Each structure stands twice: as structure tokens, then as C-alpha cells.
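Asker: Build me a model from this:
(chains A and B)
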Amino acid sequence: MRHLLSVADLDTAAATALLDTADRLKQALLGREVRKLPTLRGRTIITMFYENSTRTRVSFEVAGKWMSADTVNVSSSGSSVAKGESLRDTALTLSAMGADCVVVRHPASGAAHRLAGWVDRDAAATGTQTSIVNAGDGTHEHPTQALLDAATLRERLGGVAGRRIAIVGDVLHSRVARSNVFLLATLGAEVVLVAPPTLLPAGVEHWPCRVSPDLDAELPALDAVMMLRVQAERMHGGFFPSAREYAIGYGLSADRAALLPEHAVVLHPGPMIRGMEIAPSVADGAASAILAQVTNGVHVRMAVLYHLLAGAPE
Amino acid sequence: MLIGIPTRGAVLARRLAAAVAEFSGTAPAVGTVDPTLYRDDLRRRPARPLEDTAVPEGGLDDRLVVLVDDVLMSGRTVRAALDALSEHGRPRAVQLAVLVDRGHRELPIRADYVGKNVPTARDEQILVLLTETDGADAVRLRRAPGAAAPGGGDA
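Answerer: Numbers count the residues shown, from 1 in each chain, chains lettered A, B, ... in the order given. The predicted model follows:
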């Protein structure tokens, strides 16, 4: 594995190997006073975030630091991006500085793919090899989020294959939903999308999942429900009449959560809009694995960095 | 306390613990430590899968730890395992038990307990097979020039 751009790069064996590595890393750090592994000593990881982020950026940084890599953050404000430098020039500059890995988040779908193409072409000329990790590109993909969700489901449910998982809400703007649908299908889960028709992307009928308009009808048979954030910053138009109406149709209220089977898990990629997508009592309830997702995020990202950077260059 | 190095060292550690329990009547604690994350040759090969790490309850502090592996050769795996161990606690002493010592040490490491010394040439392979992992108990010596040794053969 040279880059991680999309969950489509991962077949069942590769995805399972990543999740297994994440489990082992979690195990290796369990109960230790010093959470530091020497594995990536001398490697440089640059996180380049052109969109706001708390958990993803910090999680990659912590993951790198726990494995003794040097991590550097670049954000669009405060860097030459604010002076008008193009993504390509910024990336090639970072690559020329000797970055072994660039973790990129960008509002344009496909940004990570373009970046990987540029640094690969550059690699032949300069002899430097840089791995690109997609940490979210527009409405396209967010592979490490899907991996950490799968890790959390494995941990809570004992496995993913054969489980029924609903992804609820703003599917149209959600790279988390897209990555999850494809990764969960690769791992053998049965995925149901529940969303207002205005928030479903074109071509959803070709995705490896079922689409349902009725959340209440789905809840009793689910093993897990993943609530999505309503991405107001990407909405340029009226996709639903009001926040209140959205909450009535698609919010996970306490009454709705009571319809879930006892063993079912509630996930949310964060940041949550409490009261609209999910009731506070559900988000903080026993079925919620939302903070476990964050914890697993660090281990999953350690696993990704391990697979990309620890071995011999390809 | 016996700490095995996966995969076959871990099996041997469990067997030794059972033998000690039968002989002495007290069962020693058994665990495993995966040295992979501490290896000095990670960058020479594609990323390796990680193995189990399970430190017995109560930790390693002030305990006598016997590291167990199947084959001792360069000593690099043991070096990595010692580093991994030290991150989990500070044992009173660490000793090393191996089934086969085949020579060719590259570090100042020796075993305290050796099942058998088997003088070998560098291009030979030692394969340790165990019922639990391989379906049969055997130690095989194989001449395979140029091929990388699988399993614990590179230990």
C-alpha cells in the first residue's frame, strides 16, 4: 500500500489486516505508563488541512507521535495557501522537504487523488517518496473514518459480516457515508441508507446498499445505527423545510432509540448537532459508542501509518 | 512468569508453563509480547502483520521473566522483545529460553536455557513445527539457498 485515498483501494483482506493491526496496536499500548512506540522514528508526517477539523487532525497527529514520527501541521490560514499558492505547489513543497507522508483534507472531491498523482510523478524526478492519506475530500471519501467505524463495530458487535447497519441523514454531502457504505459492504455487512429523498446522491441505486425512507420501520432490526451530521456549510439551497422537521423525520430521539434492539450500537462521526440529529440522552447513553469511535480513531490511524510507512518502500 | 514471542514462542511458553505446573504444583503466569514494533529491520521488508501482546495481570514489575522463543539466531528478535518488555514494566530479571540455538549471533545475547544447540550454515533453514500451529511436532533442517526463512527461522 502506497497511498490511502479511497476505501475502494481496500479489498476484504487488506481492510481486515488494517483493522487487525489497529487491534494489536491498541493491545500493545494497553495499561502502559508510556504510550510511545519507536516504530516510525525519523519519519515525517505532515497534516495539511484546508477544512476545519478537530478530531481527525488531532487523531492523526497523536497517532504519529505515539509511534515516534515527527508530525507537523499545516492549515490553510497562516500558510502560503492564504497568499494564493496552489494545492499542487504546496504539496510538492512539502514533499521536497522530505515528508514521508502527507495527510490531506480538502473541500474539493478528488483532491487527494490529484495530490498522489503529483507526488508520484515528482518521486521519479527527485527520488523522494511521499505517501498520501485522504483525511476527507469534499463529499467524496473519508477512508480512515470508515475504518474506525468498522473497528468500533467489530469491538462492540464482535464482527461486521452479516450485521445490519443503517446510515441516517445527510448522505448527499457525506464522505463518511460514502466510505462507510463501500467499506462495510466489503466487510460483508448489510447497509441501509435512511435519508430524505433530497439528501440522497444521484446514482445511489448503484451503491452496494438498500435505501429506505422510514427510520422507524428499520430500527427494530438493526445491529447499529450511524447518524450523520447535517452539513449546513455545503448546503446552498433548501434540502428540508426546517431543522425541527428534519429532527422529527430523521433525528434519533430517545423514543426512537428505544425501538433499537438491546445489543444495537449508536455511532456518530462527529461533530454532533445535539437535539437535531441525535438527542443528548441517546448520544450519552449506554448504546452510544461515540467516544469509543474517537479512541479507536487513534489506533486505526496508527495502523494506517504503520502499513504505509513502517515497511520497505515499494 | 513465562513470556512467549509469537507465534511459536508463545505456544512453547504455554507448554513450558503446563510442564512447570505439573512438576512443581504451582502454575506460572504466561503472556506474550510481540517484538515487531521494536524491530531494527522493519524498513527492509514490506510491513509485517502484528501479533498478540498480552502481559499477565499484575504486570512485570519486580518479577522474574523468562522469555521463550523457538529459534535463536541473530539475537535481533530477542533484542526487540527486550525493548518491548521494558515498556511494559521493570522485571527483577529477564532470562531467555529457546528450543533451538543455531548460532550466527549478531548481538551480545545468549540463552539461559537451550533445548538443543544445532550448528548450522547461514543458508540453511530451521523450521520448528508445533502441533498447535502446524499439526505436528518437529524440527526440520533444510538447505534452501537464497530463500528467506519463514516463521521463526529468522529469529
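Asker: Tell me what residue A:48 is bridged to.
Answerer: Beta-bridge pairing for residue A:48 (DSSP bridges): residue A:74, residue A:104.
Asker: any idea how far it lies from chain B?
Answerer: Distance of residue A:48 to chain B, computed by Cβ to the nearest Cβ, to the nearest Å: 23 Å. Glycine gets a C-beta too; all of them are placed from N, C-alpha and C.
Asker: The helix or strand hosting residue A:27 near chain B anywhere?
Answerer: Residue A:27 is part of helix A:12-29 when elements are defined by DSSP states H and E. Yes. If you take Cβ under 8 Å from any Cβ of the partner chain as the test, helix A:12-29 does meet chain B, through A:17, A:20-21, A:24-25, A:27-28.
Asker: Now for the residue nearest to residue B:72 when sequence neighbours are not counted: which residues touch it?
Answerer: Closest residue to residue B:72 apart from its sequence neighbours, by Cβ to Cβ, 6 or more residues apart in numbering or on different chains: residue B:98 at 4.2 Å. Shown in contact with residue B:98 (Cβ atoms under 8 Å, 6 or more residues apart in numbering or on different chains): B:68-72, B:111, B:113-115.
Asker: got JSON lines for the residues you listed, with pLDDT and neighbour count too?
Answerer: Converted to JSON lines, these look like this (pLDDT from 0 to 100; neighbours: other Cβ atoms under 10 Å in any protein chain shown):
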{"residue": "B:68", "pLDDT": "97", "neighbour count": "28"}
{"residue": "B:69", "pLDDT": "96", "neighbour count": "28"}
{"residue": "B:70", "pLDDT": "94", "neighbour count": "27"}
{"residue": "B:71", "pLDDT": "95", "neighbour count": "26"}
{"residue": "B:72", "pLDDT": "96", "neighbour count": "26"}
{"residue": "B:111", "pLDDT": "96", "neighbour count": "19"}
{"residue": "B:113", "pLDDT": "97", "neighbour count": "13"}
{"residue": "B:114", "pLDDT": "96", "neighbour count": "15"}
{"residue": "B:115", "pLDDT": "95", "neighbour count": "16"}
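Asker: Which of the residues you listed fall within strands?
Answerer: Applying DSSP state E to those, the entries found in strands are B:68-72, B:113-115.
Asker: Looking at those, which two lie furthest apart in space?
Answerer: B:71 and B:113 (13.9 Å; Cβ to Cβ).
Asker: Which residues of the stretch 201-314 of chain A lie near chain B?
Answerer: A:306-308, A:310-312, A:314.
Asker: Now for those, which sits with the most neighbours around it?
Answerer: residue A:306 (26 neighbours; other Cβ atoms under 10 Å in any protein chain shown).
Asker: Name the SS class of that residue, please.
Answerer: helix (DSSP: H, G, I helix; E, B strand; the rest coil).
Asker: Contact partners for it?
Answerer: So residue A:306 contacts A:21, A:25, A:39-40, A:67, B:47, B:50 (Cβ under 8 Å, 6+ apart).
Asker: that older thread, distance to residue A:104 added to the contacts of residue B:98, as JSON lines?
Answerer: Putting these into JSON lines (distance: Cβ to Cβ, whole Å) gives the following:
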{"residue": "B:68", "distance to residue A:104": "45"}
{"residue": "B:69", "distance to residue A:104": "42"}
{"residue": "B:70", "distance to residue A:104": "44"}
{"residue": "B:71", "distance to residue A:104": "44"}
{"residue": "B:72", "distance to residue A:104": "45"}
{"residue": "B:111", "distance to residue A:104": "48"}
{"residue": "B:113", "distance to residue A:104": "52"}
{"residue": "B:114", "distance to residue A:104": "52"}
{"residue": "B:115", "distance to residue A:104": "52"}
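Asker: Please enumerate the strands of chain B.
Answerer: Counting by DSSP E, chain B has strands at residues B:2-4, B:30-32, B:64-72, B:93-101, B:113-117, B:124-129, B:138-143.
Asker: from those strands, which stretch is densest packed?
Answerer: strand B:2-4 (a mean of 27; mean count of other Cβ atoms under 10 Å in any protein chain shown).
Asker: so does it get close to chain A?
Answerer: No. Against chain A, strand B:2-4 shows no contacts by Cβ under 8 Å from any Cβ, the least distance being 13.5 Å.
Asker: residues making contact with that strand?
Answerer: By Cβ under 8 Å, 6+ apart, the list of residues contacting strand B:2-4 reads B:10-14, B:16-17, B:20, B:28-33, B:55, B:65-69, B:81, B:85, B:97.
Asker: Among the residues of the stretch 201-314 of chain A next to chain B, which one lies nearest to residue A:130?
Answerer: Taking Cβ to Cβ as the measure, residue A:130 sits nearest to residue A:308 out of those, at 10.1 Å.
Asker: got the phi/psi numbers for the residue nearest to the closest one when sequence neighbours are not counted?
Answerer: Once flanking residues are discounted, residue A:308 sits nearest to residue A:131: 4.4 Å by Cβ to Cβ, 6+ apart. For residue A:131, the backbone dihedrals (degrees, to the nearest 10) come out as phi -90, psi 140.
Asker: ok, back up a step: now a PyMOL select for only the buried ones of the residues of helix A:12-29 next to chain B.
Answerer: Selection of buried members from the residues of helix A:12-29 next to chain B for PyMOL, criterion 16 or more other Cβ atoms under 10 Å in any protein chain shown:
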select buried, chain A and resi 17+20+21+24+25+27+28
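Asker: Please tabulate the residues of helix A:12-29 next to chain B in TSV, including the columns pLDDT.
Answerer: As requested, the residues of helix A:12-29 next to chain B are exported to TSV (pLDDT from 0 to 100):
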residue	pLDDT
A:17	96
A:20	96
A:21	96
A:24	95
A:25	95
A:27	91
A:28	90
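Asker: In space, what's closest to residue 92 - neighbours in sequence excluded?
Answerer: Let's take chain A. By the measure of Cβ to Cβ, 6+ apart, the closest residue to residue A:92 outside its immediate chain neighbours is residue A:122, 5.7 Å from it.
Asker: let's do chain B instead
Answerer: Using Cβ to Cβ, 6+ apart, the closest residue to residue B:92 is residue B:62 (5.0 Å).
Asker: related to what we said a few turns ago, how about the contacts of residue B:98, which pair is most distant?
Answerer: For these, the farthest-apart pair by Cβ to Cβ is B:71 and B:113; their separation is 13.9 Å.
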